[in-house]
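In: Curious how this folds, go ahead:
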Amino acid sequence: MQPTTQPLIVPQQFHGPPRSGNGGWTSGALAERLAAPDSPVTVALRLPPPLDIPLALEESEAGLAATLDGRTVAQARIDAAALTPVPPVTVEEAADAQTRYAGFAAHPFPTCFACGPDRAEGEGLHIFPGRVAHDPERFATAWTPYDVTVPIVWAALDCASGWAAGVDERPAVLGTITAQVHRLPAVGEPHVAVGALRGSEGRKALTASSLYTAGGELLATAEQVWIAINPDDFA
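Out: Here you go, the predicted structure:
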């Protein structure tokens, strides 16, 4: 494999745990390098993504890998999977669900770029999914983006699903995410992110999430695998 010319860097701003990158943002930044518009891309995170350190990118028939000192940090590939979106809710229902966000009371990583309640306005996404009143199997949050990029959309999809996995009671980090972005959201306009738990296997929680406009247009959808961890190992 030959390294590509431009390394991948995860800036400190986009951390999830304090010392490593937000899994969704990192995955989206790597997936964006594949240049596969509107195709599902799967990214597997092999190590906690380091912050502010250039990661070499290596191409192969299997896709694209971000590496550090010869070790694979994350690996991306185009996927033919047919993703099943989580059904939408209205902005009003999402805003109501947000009031039940468990992360306000207990959060393993309260400064997480996407869902950390300790992030100031304009410094984090404020993705705060709570249980939907009429369907507690779904989690939802209203979201008005102040900035929009492919990695930011992946970060929103990431943390929209994590709370459906119950990370407040069983801390976990993203292991694998398959996402498809149809269209980027509009800055300054209200959107809805929804997530759901679809199964579990030992330490793994299988989730899904989707992003919609206020009018119900599907913008992006994803399926994830979360891995239960000891948060002290990531502090």
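
In: all helices for the protein, in order.
Out: 23-32, 91-98, 150-162 (DSSP state H).

In: Compute the first-to-last residue distance for stretch 138-150.
Out: 24 Å (C-alpha to C-alpha, to the nearest Å).

In: Ignoring the adjacent residues along the chain, who's closest to the residue positioned nearest the centre of the chain?
Out: Central residue of the chain (C-alpha atoms, centre = their mean): Asp158, 1.9 Å from the mean position. Closest residue to Asp158 apart from its sequence neighbours, by C-beta to C-beta, 6 or more residues apart in numbering: Gly24 at 2.5 Å. (Each C-beta comes from the backbone N, C-alpha and C, glycine too.)

In: Check the spacing between the one you found and Ala164 real quick.
Out: Between Gly24 and Ala164 the computed distance is 14 Å (C-beta to C-beta, to the nearest Å).

In: Neighbour count: these two, which is higher?
Out: Gly24 (36 against 26; other C-beta atoms under 10 Å).

In: That one against Thr149, yeah?
Out: No - taking C-beta atoms under 8 Å as the definition, Gly24 is not a contact partner of Thr149, at 11.8 Å.

In: follow-up on the earlier one: now the helices of the chain in JSON lines, with distance to Ala208?
Out: Compiled in JSON lines, the helices of the chain are given as follows (distance: least, C-beta to C-beta, whole Å):
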{"stretch": "helix 23-32", "distance to Ala208": "13"}
{"stretch": "helix 91-98", "distance to Ala208": "16"}
{"stretch": "helix 150-162", "distance to Ala208": "6"}
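
In: Rebuild the ones you listed as JSON lines, extending it with mean pLDDT and distance to Glu61.
Out: Shown next, in JSON lines, are those (pLDDT from 0 to 100; distance: least, C-beta to C-beta, whole Å):
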{"stretch": "helix 23-32", "mean pLDDT": "97", "distance to Glu61": "17"}
{"stretch": "helix 91-98", "mean pLDDT": "98", "distance to Glu61": "41"}
{"stretch": "helix 150-162", "mean pLDDT": "98", "distance to Glu61": "23"}
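
In: and of the ones you listed, who's closest to Ala235?
Out: Ala235 lies closest to helix 23-32 among the helices of the chain, at 16.1 Å (C-beta to C-beta).

In: Pull out the buried positions in stretch 134-149.
Out: Neighbour-count burial for stretch 134-149, with 16 or more other C-beta atoms under 10 Å as criterion, is recorded at Arg138, Phe139, Ala140, Thr141, Ala142, Trp143, Pro145.
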